[in-house]
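Novice: let me see the structure of the following:
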Amino acid sequence: MNDYYEILGVSRDASPEEIKKAYRRKARQLHPDYAGPDSEEAFKELSVAYETLSNPDKRQMYDLGGPEAVHGGGAGGYGFGGGGMPFDFSDIFDTMFGGGGFASSGGPASRATHGSDQLLTIDVTLEEATFGVTKNIEVDTYVLCARCEGSCCEPGTQPRACSGCHGSGSVTRMQRSLLGVIRTQSPCPDCGGHGSIIDQPCSECSGDGRVRTRRSMKVDIPVGVTTGTRIRMSGRGDVGMGGGPAGDLYLEVREKKHPIFTRRGDDLHTWVTIPMTTAALGTVFELDTLDGAKEVTIKPGTQPQETVTLSGLGVGRLSRSGRDAGRGDLQVHIDVEIPRKLDQRSREILEELAANRGEDRVEPRRADQSVFDRIREKFTNQEHP
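Specialist: Purely as a prediction, here's the structure:
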């Protein structure tokens, strides 16, 4: 095990104040909330060193016999049934369950907590979903207190070491039992396990290290989003108490209904009604699309419910950043309008056309007989397989 004085970076004749300052300096550097989970072991080691050297009795025991003299060691060092070093339940709990939330062997608990995530709904139009857009949004959230910068203290002041636990965040209690002397550790009731007490909380945030405010931010809406799509903005949620790291902001998309186009996946659909003469003769007309006016070609003899496809005029495809993912298509569905009333001249023209095509004496029953025969045959086969 490393030397506790070396861990704190102080000499063996360092004063209690020098030990405290060294611990605070290194604790800020090694705390897992700031340095990441890889620093957890080093932070625990630092906290054990500080807990030992900041306590005059433990420091004297350490100087005389090393860590074993303070924490016990060897098969007979735990005092089953009587003498020896006290039995430490907190060490057993840490070994079996991984330490838990209270830092009995990991040092005082940090006031900095991780901020919570937020979920907001954002409305987008079909045009914005098709081409993507950058939108300005306003969010009610917790931000770092500008007055104390997350320290929770009034500027010019700082927390004082808790006299109840000497800055360790925990208190030790001894109790005799059938197993011998049992030592248990629990959070210090005076400081709540933090190891320090704030006598002058920040007047702006009341000692929380954060304040509630409304802030504006920009969000990039990618192409292809639709209702239910969630956009994650890492670190843009609530700042944690004590200036802890912020959570994430999630934006759930709600797509507005378009008056002309219906969206199905990446394709857009619209319906156009043309006269029967146009369907028979064919034509070219301009259609307003999301990309401006585009020509639509109606071929001669177009039938009702036929579809004209305009490739690449649909919605951009989602989740394919870094390359040209392309777009869906625009499907133009054709409906043919049959006039319900005809003036005399129109009727004469249609009758002349029917005579010219040999359709003026068609008997509907005879013309549809083949259709009836196919339907009858289909149902007959179903009834008698």
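Novice: contact partners for V133?
Specialist: V124, D220, I221 (Cβ atoms under 8 Å, 6 or more residues apart in numbering). Yep, even glycine has a C-beta here, placed from its N, CA and C like the rest.
Novice: which element is the second one on?
Specialist: Counting by DSSP states H and E, the secondary-structure element that holds D220 is strand 210-221.
Novice: that strand: which residues count as buried?
Specialist: Buried positions in strand 210-221, judged by neighbour count with 16 or more other Cβ atoms under 10 Å: R210, V211, V219, I221.
Novice: can you check stretch 228-242 too?
Specialist: For stretch 228-242, by 16+ other Cβ under 10 Å, it's T229, I231, M233, R236, G237, D238, V239, G240, M241, G242.
Novice: which among these gets closest to R340?
Specialist: Closest approach to R340 among these (Cβ to Cβ): T229, at 45.3 Å.
Novice: list the contacts of that closest one.
Specialist: So T229 contacts E252, V253, L318 (Cβ under 8 Å, 6+ apart).
Novice: compare those residues and tell me which is most surrounded.
Specialist: V253 (19 neighbours; other Cβ atoms under 10 Å).
Novice: count the residues that sit near R176.
Specialist: For R176, using other Cβ under 10 Å, the count is 10.
Novice: how about it: what's its closest non-neighbour residue?
Specialist: I182 (7.4 Å; Cβ to Cβ, 6 or more residues apart in numbering).
Novice: likewise for L313?
Specialist: L330 (3.8 Å).
Novice: cool, V225 as well?
Specialist: Per Cβ to Cβ, 6+ apart, closest to V225 is V253, 4.7 Å.
Novice: equivalent analysis for G247, please.
Specialist: G237 (3.3 Å).
Novice: my guess is the one you found meets D117, correct?
Specialist: Yes: applying Cβ atoms under 8 Å as the test, G237 and D117 come out as touching, 4.9 Å apart.
Novice: what do those two both touch?
Specialist: With Cβ under 8 Å, 6+ apart, G237 and D117 have common neighbours G247, D248, L249.
Novice: before we move on, back to that, from the buried residues of strand 210-221, which is closest to R147?
Specialist: Nearest member of the buried residues of strand 210-221 to R147, counting by Cβ to Cβ, is V211, at 8.5 Å.
Novice: would you mind measuring from the closest one to M241?
Specialist: 11 Å (Cβ to Cβ, to the nearest Å).
Novice: and E6, what element?
Specialist: Residue-wise, E6 maps onto helix 4-8 under DSSP H and E.
Novice: can you list contacts of that helix?
Specialist: Contacts for helix 4-8 (Cβ under 8 Å, 6+ apart): 11-12, 14, 19, 22-23, 26, 45-46, 48-50, 52-53, 62, 67.
Novice: R215: which of those residues is nearest?
Specialist: Using Cβ to Cβ, these come closest to R215 at K26, 33.9 Å.
Novice: that closest one contacts A49, correct?
Specialist: No: K26 lies out of contact with A49 (Cβ under 8 Å); the separation is 9.4 Å.
Novice: more neighbours: these two, which one.
Specialist: A49 (27 against 19).
Novice: can you pull the pLDDT of the more buried one?
Specialist: At A49, the pLDDT value in this model is 88.
Novice: paired strands for the strand holding D220, with orientation please.
Specialist: Taking DSSP bridges as the criterion, strand 210-221 forms sheet pairs with strand 133-144 (antiparallel).
Novice: the strand it pairs with: which residues count as buried?
Specialist: In strand 133-144, counting by 16+ other Cβ under 10 Å, buried: V133, V139, T141, Y142, V143, L144.
Novice: so the fifth one is in contact with R214, correct?
Specialist: To tie it back to what came earlier, the one meant is V143. No: counting by Cβ under 8 Å, V143 stays clear of R214, with 9.8 Å between them.
Novice: need the distance between the two termini of stretch 221-233.
Specialist: 11 Å (Cα to Cα, to the nearest Å).
Novice: could you point out the helix or strand that follows the lowest-mean-pLDDT helix or strand in the chain?
Specialist: Every helix and strand of the chain was ranked by mean pLDDT, DSSP states H and E. The lowest is helix 89-97, at a mean of 39. Sequence-wise, the next helix or strand downstream of helix 89-97 (DSSP H and E) is strand 118-124.
Novice: and the strands in the stretch 201-350 of the chain?
Specialist: 210-221, 230-233, 249-255, 262-264, 267-275, 283-289, 292-298, 307-310, 330-337 (DSSP state E, counting those that start in this stretch).
Novice: which outside residues touch the second one?
Specialist: Taking Cβ under 8 Å, 6+ apart as the criterion, the residues outside strand 230-233 that touch it are I122, M217, V219, I221, P222, V225, D248, L249, Y250, L251, E252, V253.
Novice: now with 6 Å, please.
Specialist: D248, L249, Y250, L251, E252 (Cβ atoms under 6 Å, 6 or more residues apart in numbering).
Novice: same thing with the longest one?
Specialist: Outside of strand 210-221, the residues that reach it under the criterion Cβ under 6 Å, 6+ apart are 124, 128, 132-138, 140, 142-143, 145, 205, 239.
Novice: now, among those, which is nearest to A279?
Specialist: Using Cβ to Cβ, the contacts of strand 210-221 come closest to A279 at E128, 35.4 Å.
Novice: for the nearest residue to I7 once chain neighbours are set aside, what are phi and psi?
Specialist: Distances taken as Cβ to Cβ, 6+ apart place A49 nearest to I7, at 4.3 Å, with adjacent residues excluded. Here is the backbone geometry of A49 (degrees, to the nearest 10): phi -60, psi -40.
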